[in-house]
Every structure is written in structure tokens, then in C-alpha cells.
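A.B. asks: 3D model of this:
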Amino acid sequence: MTIRAVVWDVDDTIFDYTTADRAGMRGHLAAEGLLGRYASVEEALGRWRGLTDLQWASFAAGEGDWESGRRDRVRAFLDQPLTDTDAEDWFARYLSHYEAAWALFPDVLPVLDLLAGSHRHAVLSNSSLRVQDHKLRVLGVRERFESVLCAAELGVSKPAAEAFHAACEALALPPHQVAYVGDHPEIDGRGAADAGLFSVWIDRGGVSAVTAPGPDPAPGEPTDRLARLRRIASLAELPGILRPDTRFGAPSTFG
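C.D. replies: Residues are numbered from 1 along each chain as shown. Below is the predicted model:
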């Protein structure tokens, strides 16, 4: 079956989140006079990301709204009982440093240009629409995507099949005609394959390959989930595996 659309993850897939996150945190801590609190920027980032993961888990479980969770994240990071206004102001200052470092990976625009005439495009992210829509506009690529779907608004997050199916429904295409490209081997790679999409894991860092047993197939689907998984090191490889004659039975590059 021909792949007719590509659904994209954002952070560390098309947007260089890791680099921007580090540069933004370093710049912010230096401006706030907080670098001395930590042995390294990596230590500070580890704490910030850990608190962010906790906030997301709480939000996904329906415990409070995103803004109040963000203020609590700032308070926990600083270990200070800030007012709502002070916490929001601190986060806004951090955000200015973070956004100043935003950039696409260099292989993104060439691939989007190559696929523009042959495939439709959308975004599915485990974030909020306000965050990712703004990010894509700042990066100058929002108009490349027909729709942007995010877990905060969907009420379900990757790797749940319902999240991937929502993206397919937005494109009015069945899962087997949709490819998903993401950087996380479990959340993106396995999640998309389990949902019946053609899954492309962008492994920029050379992480060990994922192997997994195949799912119980639906009628008309291949018997081996690995047939729906591809692993690439650069987006430059993507057009070659999304040719009109691409079949799910093509050999997997996982393993």
C-alpha cells in the first residue's frame, strides 16, 4: 500500500530541542545568577526535565491545568514559594533564552521540500497546541502541515494507538497509508507501528536498535510488526523509503 501522508513528531525530530534546551538553560541560569547552584548545566537540565516529566504526567492524569503546573515546576526548581506572578515572570525570562536558541535540524527543510509534491503532512506531539503551533510558526514551517494535533487537546498521548489514529482521522486516511516519523524508539517507533502506521524512527544519536515481537495482525495487515518499522540516522533517508511503491513487506532496518 502506498504511503500518502507523513505525520511528524516535533521535539528532537524536526526541532533541535536538546541543543536549544541546553543553550537556553545555560543563558537563563547565567542571567539569573544561578549557575553556581549546580555542578554543571547538565545537572540543572536534568532537574528541570525531571520536573517537566512529572508535570506532564500529572496533567495527562487530569490533575490540574498546565499553567498552574508550570508555576509549580518553577517553584520546585528554585525551591522557593513564589507568587503566581513571580513564577510566571521567571518562566517568561527562561523562555526568552530558550526561544533564542530555536532551530530546525539542517536536514528538515530539504526533505519537506522533496516530499511536498508527493505526500501530505501533519504533526502529532505529546505537548500542547499552543506550545507547538507557536514553535512551528517561529521556525517558519507551520504552513507545511495540514494539521497539528497535541496530546493536551486530544486527551490521549503517544504511545496510545488512539493518538496516532486521531492524526490519521485528521488526514482522512487509514493508518496503513500513513507514516509516522519520531525520535523516541518506544513512544514513537513502537507506538506508531502498534497502531498500524508505517513507523520511521529517526535515531540521530545512534541508540541501540529496538526489537520487539509483532502484534496480533488485523485483517489485511502484515503478520510481523517489524515490517512496519524503519530506523534511519538522517531525514535524508526518508524519501527513499517513502517511494510510491513502498510496501510494508520491505525489510526492516531495525536490528
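
A.B. asks: name the helices or strands packed onto the helix or strand of the chain with the lowest mean pLDDT?
C.D. replies: Ranking every helix and strand in the chain by mean pLDDT, DSSP states H and E puts helix 41-60 at the bottom, with a mean of 87. If contacts are counted by 3 or more Cβ pairs under 8 Å, 6 or more residues apart in numbering; DSSP states H and E, helix 41-60 sits against helix 17-32, helix 66-78. To be clear about C-beta, it is placed using only N, CA and C from the backbone, and glycine gets the same treatment.

A.B. asks: For the shortest one, give me every contacting residue.
C.D. replies: Applying Cβ atoms under 8 Å, 6 or more residues apart in numbering, the set of residues contacting helix 66-78 from outside is 47-48, 51-52, 54-55, 58-59, 81-82, 84, 87-88, 90-91, 128, 152.

A.B. asks: Just the buried residues of the least confident helix or strand of the chain, please?
C.D. replies: Buried residues in helix 41-60, defined by neighbour count with 16 or more other Cβ atoms under 10 Å: 41, 44-45, 48, 51, 55-56, 58-59.

A.B. asks: Turn those into a markdown table, including distance to L136.
C.D. replies: Shown next, in a markdown table, are those (distance: Cβ to Cβ, whole Å):
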| residue | distance to L136 |
| --- | --- |
| V41 | 26 |
| A44 | 27 |
| L45 | 23 |
| W48 | 23 |
| L51 | 25 |
| Q55 | 22 |
| W56 | 19 |
| S58 | 26 |
| F59 | 21 |
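
A.B. asks: for the stretch 151-255 of the chain, what spans make up the helices?
C.D. replies: Along the stretch 151-255 of the chain, the stretches classed as helices by DSSP state H, counting those that start in this stretch are 151-154, 161-171, 191-194, 238-241.

A.B. asks: tell me the most buried of those?
C.D. replies: helix 191-194 (a mean of 25; mean count of other Cβ atoms under 10 Å).

A.B. asks: Show me the contact partners of it.
C.D. replies: 158-161, 163-164, 180, 182, 198-199, 215, 225-226, 228-229.

A.B. asks: Is it possible to mark the buried ones in these?
C.D. replies: 158-161, 163-164, 180, 182, 198-199, 215, 225-226, 228-229.

A.B. asks: tell me which of the buried residues of helix 41-60 is nearest to A236?
C.D. replies: L45 (28.7 Å; Cβ to Cβ).

A.B. asks: now the closest one: how far from A103?
C.D. replies: Using Cβ to Cβ, to the nearest Å, L45 is found at 18 Å from A103.

A.B. asks: Same question for M25.
C.D. replies: Distance of M25 to A103, computed by Cβ to Cβ: 16 Å.

A.B. asks: could you dump the helices and strands packed on helix 41-60 to a markdown table with mean neighbour count and mean pLDDT?
C.D. replies: As requested, these are arranged in a markdown table below (neighbours: other Cβ atoms under 10 Å; pLDDT from 0 to 100):
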| stretch | mean neighbour count | mean pLDDT |
| --- | --- | --- |
| helix 17-32 | 18 | 94 |
| helix 66-78 | 17 | 92 |
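
A.B. asks: Of those helices, which is nearest D188?
C.D. replies: That would be helix 17-32 among the helices and strands packed on helix 41-60, by Cβ to Cβ, at 13.6 Å.

A.B. asks: quick one: the closest one to helix 66-78, angle?
C.D. replies: 60 degrees (axes from the mean of the first three to the mean of the last three Cα atoms, to 10 degrees).

A.B. asks: by how many degrees do helix 17-32 and helix 41-60 diverge?
C.D. replies: Interaxial angle of helix 17-32 relative to helix 41-60 (the same axes, to 10 degrees): 110 degrees.

A.B. asks: Sweet, I'm off.
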